[in-house]
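# My questions concern the predicted model and sequence given below.
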Amino acid sequence: MGHSGVARESVPEIRVTDAEFERFRDYFYRKTGIRFEDSKRYFVDKRLIQRMRQVGHEGFREYFAFVRFQASGKEFQELVNLMTVNETYFFREEYQLKCMVNALMGEVLHHKRSGETVRIWSVPCSTGEEPYSIALYLLEFWDRIDEVDVEIVASDIDTQALEKARAGVFSRRSVSHLPPWILKKYFEPLAGGYHRLCDDLRASVDFRRVNLCDPRDTRGMRDFDVIFCRNLLIYFDEASQRRAAETLYDALNPGGFVLLGHSESMSRITSLFKVRRFEDAIVYQKPL
Amino acid sequence: MGLVKRAEHRAAPSRPHIRKYGRDLQGLLAQLHDDQAKARRWAARDLAAHTEAVSALCERLQVEPDPTVREAIFGSLLTIGTEAVAEGLIPLLRGEDAGLRNGAVEILQQLPDAVGHRIAALLADSDPDVRIFAVDILQDLAHPDAPAWMLAVVEADEHVNVVTTAIDRLAEVGTPEMVPAIQAVKDRFPNEPFVGFAVDTALKRILGNG
Ligand SMILES: C[S@@+](CC[C@H](N)C(=O)[O-])C[C@H]1O[C@@H](n2cnc3c(N)ncnc32)[C@H](O)[C@@H]1O
């Protein structure tokens, strides 16, 4: 793809040089744990240039200084929102949800005093399909939900994704794996194939912005019994994976469980967790 | 009972606790020696933000009994990733503790800039075990000279265990130009039956018919 076409209006051409790309890549990595491969260059440049146009900076150097030193961190958040991959849908990797109701919840309760709340953390939660799936599964497929209090906290670094999650309106594609009777029972159909989740369920997930790589954000995240951390570690390099694993470990109660995405493995990252093979899924457990 | 609604969620899940240590460098360094493993782990993790903490972290590694604290220390050293980290970890390769040695190898493999210019010295170490660990580091070091360094070991190292380790690792990353040098090892150690086996296995892998 070249730039040889005749420009219809004189929009000043903005370019990002190799060295500038490197600088941005290192900075973004340091802040988020996400490392862009060279093959992502086009994707990154395009979004950088889009933001430079929007905020009216013509050169990378000037824009980058603005991003780094802006006290509110707003522009950096904008970049994060643009650069993250938010792909997700309801009942994704459903075997793990099965495992949660068939095996994990029972074990968790075993170590709790009666009346104690079970705490579940979905991180990253993207636009909310994952934590809401957890809620739906517990309501529909866990027979002890009426005896036990369950608290669901959901976090992501992307504030725009969190806004969507709170709003609870989902596209046809996003709900396509849901059984029709669930869709009927908990969603209201809107125009254009969209569906709105009922208020009751929306109120049962507590969304909070958290950067899993920032200790200031994660320090308060404690006392969880089950953590879903799916399809995030694949974007991290080894050092960030290690730190993320440490964070998850510290966020769990002893005996608590972590579920990873199907292409992710804790054993390659750390020996902190015990590998547990259940009928439905492989899960990592913080030793009791 | 059931799903707890958002408004009912307690604002701060964890109970407040009295601070025994400051969260600054001095406080964290003190906490690194707390009686409680949990406190030491938190200190080790937070020290990742302090490049000055490298030597304290490396010293703690040598006496730290708790594996979860060790993991945290290794993780923080990797995050810091400076020359001082390489310098602090290399002495662990001489230690008796296999867990520490392997941990050190793993971290060093991920610090090509800091390790690259120290490899020659490691490969010339008088202790063959240290040279073997150097080869282990090379195996996963993202440095363009790594294969050439391994080849140099194959050609020149005098200890059979070091050479066979290098051959074994080259089976994965070797190229056809290295074949003569690997082949020649058989003549250098004619009385070691295992060498012939290691060479043949590596050659098969490199030439793609194994
Ligand atoms: C592919 S989605 C995964 C969503 C869901 N867990 C799933 O498996 O369907 C990845 C999400 O990770 C988020 N993310 C990336 N880096 C993060 C970080 N450092 N801390 C928290 N979330 C992060 C992105 O914003 C994105 O929403």
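Looks like it arrived, so ask away. Numbers count the residues shown, from 1 in each chain, chains lettered A, B, ... in the order given.
# Just the helices from the chain, written as ranges.
No chain was given, so I picked chain A. Applying DSSP state H to chain A gives helices spanning A:18-32, A:41-55, A:60-69, A:74-83, A:94-99, A:105-110, A:129-141, A:159-167, A:180-186, A:199-202, A:215-218, A:238-251.
# not what I meant, chain B
Using DSSP H, helices in chain B cover B:25-31, B:37-46, B:54-63, B:67-80, B:83-89, B:98-109, B:112-116, B:119-123, B:128-139, B:146-156, B:160-173, B:179-188, B:193-207.
# returning to what we had before: please tabulate the helices of chain A in CSV, including the columns distance to residue B:203, mean neighbour count and mean pLDDT.
C-beta: built from backbone N, CA, C; applies to glycine. Listed next are those as CSV, based on distance: least, C-beta to C-beta, whole Å; neighbours: other C-beta atoms under 10 Å in any protein chain shown; pLDDT from 0 to 100:
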stretch, distance to residue B:203, mean neighbour count, mean pLDDT
helix A:18-32, 39, 15, 87
helix A:41-55, 39, 15, 93
helix A:60-69, 50, 16, 84
helix A:74-83, 46, 18, 92
helix A:94-99, 44, 19, 97
helix A:105-110, 51, 17, 96
helix A:129-141, 50, 22, 97
helix A:159-167, 53, 18, 96
helix A:180-186, 59, 13, 96
helix A:199-202, 63, 15, 94
helix A:215-218, 49, 16, 81
helix A:238-251, 31, 23, 92
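# Quick check, pLDDT for the nearest residue to residue B:138 once chain neighbours are set aside.
Spatial nearest neighbour of residue B:138, excluding adjacent residues (C-beta to C-beta, 6 or more residues apart in numbering or on different chains): residue B:146 at 4.8 Å. pLDDT, residue B:146: 85.
# count of residues packed around residue A:115?
Using other C-beta atoms under 10 Å in any protein chain shown, residue A:115 has 9 neighbouring residues.
# can you redo the helices of chain A as JSON lines with distance to the ligand?
JSON lines is the format used below for those (distance: least, C-beta to the nearest ligand atom, whole Å):
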{"stretch": "helix A:18-32", "distance to the ligand": "5"}
{"stretch": "helix A:41-55", "distance to the ligand": "14"}
{"stretch": "helix A:60-69", "distance to the ligand": "17"}
{"stretch": "helix A:74-83", "distance to the ligand": "7"}
{"stretch": "helix A:94-99", "distance to the ligand": "10"}
{"stretch": "helix A:105-110", "distance to the ligand": "19"}
{"stretch": "helix A:129-141", "distance to the ligand": "5"}
{"stretch": "helix A:159-167", "distance to the ligand": "5"}
{"stretch": "helix A:180-186", "distance to the ligand": "18"}
{"stretch": "helix A:199-202", "distance to the ligand": "17"}
{"stretch": "helix A:215-218", "distance to the ligand": "8"}
{"stretch": "helix A:238-251", "distance to the ligand": "8"}
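# would you turn the helices of chain B into a markdown table with mean neighbour count?
Shown next, in a markdown table, are the helices of chain B (neighbours: other C-beta atoms under 10 Å in any protein chain shown):
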| stretch | mean neighbour count |
| --- | --- |
| helix B:25-31 | 16 |
| helix B:37-46 | 21 |
| helix B:54-63 | 17 |
| helix B:67-80 | 23 |
| helix B:83-89 | 20 |
| helix B:98-109 | 19 |
| helix B:112-116 | 18 |
| helix B:119-123 | 17 |
| helix B:128-139 | 22 |
| helix B:146-156 | 19 |
| helix B:160-173 | 21 |
| helix B:179-188 | 15 |
| helix B:193-207 | 16 |
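# returning to what we had before: can you put the helices of chain A in a markdown table and add distance to residue B:142?
Converted to a markdown table, those look like this (distance: least, C-beta to C-beta, whole Å):
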| stretch | distance to residue B:142 |
| --- | --- |
| helix A:18-32 | 15 |
| helix A:41-55 | 19 |
| helix A:60-69 | 26 |
| helix A:74-83 | 24 |
| helix A:94-99 | 33 |
| helix A:105-110 | 41 |
| helix A:129-141 | 34 |
| helix A:159-167 | 32 |
| helix A:180-186 | 47 |
| helix A:199-202 | 46 |
| helix A:215-218 | 27 |
| helix A:238-251 | 11 |
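# What residues does the stretch 151-288 of chain A have near the ligand?
Within the stretch 151-288 of chain A, the positions adjacent to the ligand are A:156-158, A:161, A:210-213, A:230-232, A:261 by C-beta under 6 Å from any ligand atom.
# Other residues contacting stretch A:56-71?
Contact with stretch A:56-71 is made by A:12, A:14, A:16-17, A:20, A:23-24, A:27, A:48, A:51-52, A:55, A:75-76, A:79, as judged by C-beta atoms under 8 Å, 6 or more residues apart in numbering or on different chains.
# give me phi/psi at the nearest residue to residue A:178 once chain neighbours are set aside?
Nearest non-adjacent residue to residue A:178, counting by C-beta to C-beta, 6+ apart: residue A:90, 5.0 Å away. With angles defined as degrees, to the nearest 10, residue A:90 sits at phi -60, psi 140.
# Residue A:90 reaches residue A:170, doesn't it?
Yes. Assessed by C-beta atoms under 8 Å, residue A:90 is found in contact with residue A:170 at 7.3 Å.
# quick one: which of those two has more around it?
Using other C-beta under 10 Å as the criterion, residue A:90 and residue A:170 rank with residue A:170 on top: 26 against 22.
# pretty sure that one is touching residue A:193, no?
No. Residue A:170 is beyond contact range of residue A:193, at 9.6 Å (criterion: C-beta under 8 Å).
# List the contacts of the residue nearest to residue B:138.
So residue B:146 contacts B:138-139, B:173 (C-beta under 8 Å, 6+ apart).
# quick one: pLDDT of residue B:69?
For residue B:69, pLDDT reads 93.
# Kindly report the same for residue A:193.
Residue A:193 is given a pLDDT of 91.
# just the one 5 residues further on next, same as before
We note a pLDDT of 96 for residue A:198 in this prediction.
# Am I right that it is in contact with residue A:184?
No. Residue A:198 is not in contact with residue A:184 according to C-beta under 8 Å; the separation is 11.2 Å.
# Of all the helices of chain A, which one is nearest residue B:4?
helix A:129-141 (10.4 Å; C-beta to C-beta).
# between the closest one and helix A:159-167, how many degrees?
30 degrees (axes from the mean of the first three to the mean of the last three C-alpha atoms, to 10 degrees).
# can you pull the contacts of the residue most central in space within chain B?
Geometric centre of chain B, nearest residue: residue B:105, 2.0 Å, by C-alpha atoms, centre = their mean. Listed by C-beta under 8 Å, 6+ apart, the contact set of residue B:105 reads B:93, B:133, B:136-137.
# repeat that with 10 Å
Counting by C-beta atoms under 10 Å, 6 or more residues apart in numbering or on different chains, residue B:105 touches B:89, B:92-93, B:133-137, B:139-140.
# Could you do residue A:24 as well?
With contact set as C-beta under 10 Å, 6+ apart, residue A:24 has these partners: A:16, A:36, A:44-45, A:48, A:60, A:63-64, A:67, A:79.
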